[in-house]
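Colleague: Sequence and predicted structure, then a few things I'm wondering about:
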Amino acid sequence: MSQDALVSIHPYFKVHPGKLEAARALLPEFVARTASEPDCRYYEFTIHEDVIFCREGYHSATAALAHLENVGDLLQQVLGLADLIRLEIHGPAAELDRMRSPLAAFQPAWFVWECGMTR
């Protein structure tokens, strides 16, 4: 798969008061399930106060959408404990176009790849 098709997803969840430990307990489940996805490039969580951030990258829009299907039930559990306060999707225009309809309900900010380099 071409490196040029890389898609990254950047969701920010603001955890409801008193629910941080319950939300935090779900994170290893997300990681374990995602580890089985061959087209996931990276996947990690960070936390700042009551905001959980997931940094995740996929070889393509197809792989990113497959991931969302794979963790859909876990995502619903998190959304019962937190609000999705920001969602960014980054990647080449052609890949983003494949994701716009399936992710429209989440109202993401779409960041179209302009230039860069990878090692």
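Modeller: Looks like it arrived, so ask away. Numbering: from 1, shown residues only.

Colleague: longest single helix anywhere in this protein?
Modeller: Ranked by residue count, the top helix of the chain under DSSP state H comes out as helix 20-34.

Colleague: Not counting it itself, show me its contacts.
Modeller: 13, 15, 40, 43-45, 47, 50, 52, 54, 56, 67, 70-71, 74, 77-78, 81-82 (Cβ atoms under 8 Å, 6 or more residues apart in numbering). In this view, the C-beta of every residue, glycine as well, is placed from N, C-alpha and C.

Colleague: Can you tell me which of the residues you listed are buried?
Modeller: Among the contacts of helix 20-34, those classed as buried by neighbour count (16 or more other Cβ atoms under 10 Å) are 13, 15, 40, 43, 45, 52, 54, 56, 67, 70-71, 74, 77-78, 81-82.

Colleague: Show only the entries of these found in helices.
Modeller: 67, 70, 74, 77-78.
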